[in-house]
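> using only what follows, build the 3D model:
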Amino acid sequence: MAKAATLRTLSDDQLFDELDSAKKELFNLRFAFATGQLDNSAHVAATKRDIARIHTVLREREIAAADVLLDPSAGPVQGSAAGLAGPSNDPVQGSAAGLAGASQGSAAVPAGASQSSAADSAASTGDPS
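Alright, predicted model coming up:
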């Protein structure tokens, strides 16, 4: 397929189309490999590298767009990557922000406070344990 320099000249929409077609090709190659119809198994690895290359270019654009949002004097971003820096659907990034907030909140609560609140709730329900 294409080298990274060629991929960088494409727009975001074209990159997503390339990514979709590469994933479909990888699926077909895996299917052909499983059924014994694949002659060149190295083609599977090459397709995986193409997918990784496309993801890398998209991530570069996302980082560049985030940098521009943080420092507007840096200049324009190539393509329409500014839309990529918006809200993330990545569960890892979302949960990391949530975990950071949760750990700060739980660190501020004294250790004895959580035990006493459990005892208070048990006393109010009449549970002797």
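> what's the nearest residue to Leu7 if we skip its chain neighbours?
Val57 (4.7 Å; C-beta to C-beta, 6 or more residues apart in numbering). C-beta: built from backbone N, CA, C; applies to glycine.
> neighbours around the one you found, how many?
23 (other C-beta atoms under 10 Å).
> is it true that it touches Gln14?
No - the criterion here is C-beta atoms under 8 Å, and Val57 misses it with Gln14 at 10.8 Å.
> give me every residue that touches the residue nearest to Leu7.
Going by C-beta atoms under 8 Å, 6 or more residues apart in numbering, Val57 touches Ala4, Leu7, Arg8, Leu15.
> do you know how far the third one is from Ala52?
So the one you mean is Arg8. Separation of Arg8 from Ala52 (C-beta to C-beta, to the nearest Å) stands at 15 Å.
> more neighbours: which of the two?
Arg8 (15 against 10).
> per-residue pLDDT, the more buried one?
If you check Arg8, the pLDDT there is 94.
> and the closest residue to it other than its chain neighbours, what element?
With sequence-adjacent residues excluded and distances taken as C-beta to C-beta, 6+ apart, Arg8 is closest to Val57, at 5.7 Å. According to DSSP states H and E, Val57 maps onto helix 42-70.
> give the buried residues for that helix.
Neighbour counts over helix 42-70 (16 or more other C-beta atoms under 10 Å) mark 44, 47, 50-51, 53-54, 57-58, 61-62, 64-66, 68 as buried.
> okay, who's weakest in those by pLDDT?
Among the buried residues of helix 42-70, Val68 has the weakest pLDDT, 87.
> mind checking how far that one is from Lys3?
Distance, Val68 to Lys3, using C-beta to C-beta: 25 Å.
> cool, Asp71 as well?
29 Å.
> now swap in Phe27 and tell me
Counting by C-beta to C-beta, the gap from Phe27 to Lys3 is 23 Å.
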